[in-house]
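pasting the sequence and the predicted coordinates here, then a few questions.
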Amino acid sequence: MKKIVIACNSGLGTSLMIRLNVEALMKELSVQAQIEHTDITSLDAYDADLIIGSSYVIESLHLAGTAELIGLEDITDRQHLKVRLMESGTLRDWFA
């Protein structure tokens, strides 16, 4: 199963808000994926294919895994999120 993890500093407000938007966009795009949200210190517990968060959170990550990272400049703009997802090589592979 494809896995998307949304991360923020505390794993509460920001990541939950982004998660709800990601879930809506995945449904719109007819992509089935397991979607979780968490704090940045717990990311290693997830075997994510795609990690999404605000740009400053994503830039601070030092992960050893192979997950693609997507940093959002505007975490409230659903259209910006959609554009960034459509630019994702990982997501494009899921359509193949």
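Arrived safely. Note that the coordinates shown come from a computational prediction; the quantities given were computed from them, not determined experimentally.

what distance do you get for R92 to L29?
Using Cβ to Cβ, to the nearest Å, R92 is found at 11 Å from L29. C-beta: built from backbone N, CA, C; applies to glycine.

which one of those two has more residues nearby?
More neighbours surround L29 than the other of R92 and L29, with 15 against 11 (other Cβ atoms under 10 Å).

so which strand or helix has the residue nearest the centre of the chain?
Central residue of the chain (Cα atoms, centre = their mean): I52, 2.6 Å from the mean position. Per DSSP states H and E, I52 falls inside strand 50-54.

and the next element down the chain from that strand?
helix 55-59.

and that next one, how far out from the chain middle?
In terms of Cα atoms, centre = their mean, to the nearest Å, the centre of helix 55-59 is found 12 Å from the chain centre.

next structured bit after it?
Helices and strands here follow DSSP H and E; after helix 55-59, the next one along the chain is strand 68-72.

may I see the buried residues of the lengthiest helix in the chain?
In the chain, assigned by DSSP state H, the helix with the most residues is helix 13-28. Using 16 or more other Cβ atoms under 10 Å as the test for burial, helix 13-28 gives 14-15, 18-19, 21-22, 25-26.

switch these over to a markdown table; also include pLDDT.
Formatted as a markdown table, those follow (pLDDT from 0 to 100):
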| residue | pLDDT |
| --- | --- |
| T14 | 91 |
| S15 | 94 |
| I18 | 96 |
| R19 | 96 |
| N21 | 96 |
| V22 | 97 |
| L25 | 95 |
| M26 | 95 |
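
with distance to R84 added, can I get those residues in CSV?
Output for the buried residues of helix 13-28, formatted as CSV (distance: Cβ to Cβ, whole Å):
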residue, distance to R84
T14, 15
S15, 15
I18, 11
R19, 15
N21, 11
V22, 10
L25, 10
M26, 13
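
and of those, the nearest to T41?
Proximity of the buried residues of helix 13-28 to T41 (Cβ to Cβ) peaks at S15, which lies at 12.4 Å.
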